[in-house]
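Engineer: Test case, fold it:
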Amino acid sequence: MAEQTHVLFVEDDDVIREATQLALERDGFVVTAMPDGLSGLDAFRADRPDIALLDVMVPGLDGVSLCRRIRDESTVPVIMLSARADSIDVVLGLEAGADDYVTKPFDGAVLVARIRAVLRRFGHASGPRAATDADGASSVPVGGVLTFGAGQLEIDTEGMEVRRGGAPVALTPTEMRLLLEFSSAPGTVLSRDKLLERVWDYGWGGDTRVVDVHVQRLRTKIGQDRIETVRGFGYKLKA
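Structural biologist: So this is what the prediction gives:
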């Protein structure tokens, strides 16, 4: 996978930028590294990378604003990098459309693993997946059109399309994969940890704020009342 993957990396710290670029290139990635948000946006439009790594605090156009600009034009996966695990940084980045975040300082091997996890998710989001196996893996439907709310919400699991009231709904691959998880078991509560494992490939656990923000983003697109919060347990799609 990594041999053909083009990474856009936006980081203003020269040492971190150069060291991270070298680490990624050693793993076979092609890296375009930029020191500020404006040059990063230009590089994104010129090169159309496979994934973008954006530091939150970069000059010219900060990482959150850059993420919004990218998301306006593309569903390419975005990972935010932040020197702080601050809730504001994390939530702002995710609300801007980022798919994941990594806190600095980070180990190069960890960053590579997170990049590959995101890319696996996006590969899976391009088509339907197999049903669940005995140990509780995902049970996304193999094909067909699912309808909810007397047909107000339609999910085409083969064409990877969603319609609300007959109008198409634009979802990122992460949002689509999250919706597929919910639609595989309508009325069943899915915990945040289970969603992290199934959607984000976090077998070791992770920050549940990633789930909460993505659920909220999904609600704004398919209807605020479509996904119900079960306090203390998780979320469920109303049957």
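Engineer: For the longest helix anywhere in the chain, C-alpha coordinates in CSV please.
Structural biologist: Looking across the chain with DSSP state H, the single longest helix is helix 108-125. Output of helix 108-125 as CSV, limited to C-alpha atoms (Å, rounded to 0.1, in the frame of the first residue of the first chain):
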residue,chain,number,x,y,z
GLY,A,108,7.3,7.4,13.5
ALA,A,109,6.2,3.9,13.6
VAL,A,110,3.0,4.9,15.3
LEU,A,111,2.3,7.6,12.7
VAL,A,112,2.8,5.1,9.9
ALA,A,113,0.4,2.7,11.6
ARG,A,114,-2.2,5.3,11.9
ILE,A,115,-1.8,6.4,8.3
ARG,A,116,-2.2,2.8,7.1
ALA,A,117,-5.3,2.3,9.3
VAL,A,118,-6.9,5.4,7.8
LEU,A,119,-6.1,4.2,4.3
ARG,A,120,-7.5,0.8,5.0
ARG,A,121,-10.7,2.4,6.2
PHE,A,122,-11.0,4.4,3.0
GLY,A,123,-10.4,1.3,0.9
HIS,A,124,-13.1,-0.5,2.7
ALA,A,125,-15.5,2.4,2.4
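Engineer: Quick check: what element follows that helix along the chain?
Structural biologist: Next in sequence after helix 108-125, counting helices and strands by DSSP states H and E, comes strand 145-148.
Engineer: Please parse the protein into its domains.
Structural biologist: Annotated domains of the chain cover 2-125, 145-237 [automatic domain parsing].
Engineer: would you turn these into TSV with mean neighbour count?
Structural biologist: C-beta coordinates here come from the backbone N, C-alpha and C atoms, glycine included. Shown next, in TSV, are the domains of the chain (neighbours: other C-beta atoms under 10 Å):
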stretch	mean neighbour count
domain 2-125	18
domain 145-237	17
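Engineer: could you dump the ones you listed to JSON lines with mean pLDDT?
Structural biologist: Listed next are these as JSON lines, based on pLDDT from 0 to 100:
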{"stretch": "domain 2-125", "mean pLDDT": "90"}
{"stretch": "domain 145-237", "mean pLDDT": "89"}
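Engineer: If anything else comes up later, I'll come back, but that's it for now.
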